[in-house]
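**Student:** Any chance you could fold what I've pasted below:
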Amino acid sequence: MNVHEFADLAASHALHALSPDDERAFRAALAQHPEWDGIARADAETAAALADGVAEVEPPEHVRADVLAAIAAGAQQ
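**Tutor:** This next block holds a predicted model:
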């Protein structure tokens, strides 16, 4: 993996958007190249700063019920 590929993974990692396989690749690359830690930190800080600018919104009551119903339906299949 090169630094550009790692940077792509680091951005997705900061957003908690990596698949399990990509997460393993990210962690393995970081272990092999600790000098890339600054890339991962910068992405994490950017993601956190973006999240700080958004007010929390309470979802409507039916959303929780809909999600739980979908989970239950999926578990029964």
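**Student:** Who are the packing partners of the helix or strand of the chain with the lowest mean pLDDT?
**Tutor:** Every helix and strand in the chain was compared by mean pLDDT, DSSP states H and E; the lowest is helix 61-76, with a mean of 87. Under the contact criterion of 3 or more CB pairs under 8 Å, 6 or more residues apart in numbering; DSSP states H and E, the helices and strands touching helix 61-76 comprise an empty set. All C-beta spots, glycine's among them, are computed from the backbone N, C-alpha and C.
**Student:** gap between the residue positioned nearest the centre of the chain and residue 37?
**Tutor:** Taking CA atoms, centre = their mean, the centroid of the chain lies closest to residue 16, which sits 0.7 Å from it. Distance of residue 16 to residue 37, given as CB to CB, to the nearest Å: 18 Å.
**Student:** what's the answer for residue 14, then?
**Tutor:** Taking CB to CB, one finds residue 14 at 13 Å from residue 37.
**Student:** Those two: which has the busier surroundings?
**Tutor:** residue 14 (20 against 11; other CB atoms under 10 Å).
**Student:** what's near enough to touch the more buried one?
**Tutor:** 40, 43, 44, 46, 47 (CB atoms under 8 Å, 6 or more residues apart in numbering).
**Student:** Show me how to select, in PyMOL, the buried members of those.
**Tutor:** Written as a PyMOL command, the selection of buried residues from those, which uses 16 or more other CB atoms under 10 Å, is:
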select buried, resi 40+43+47
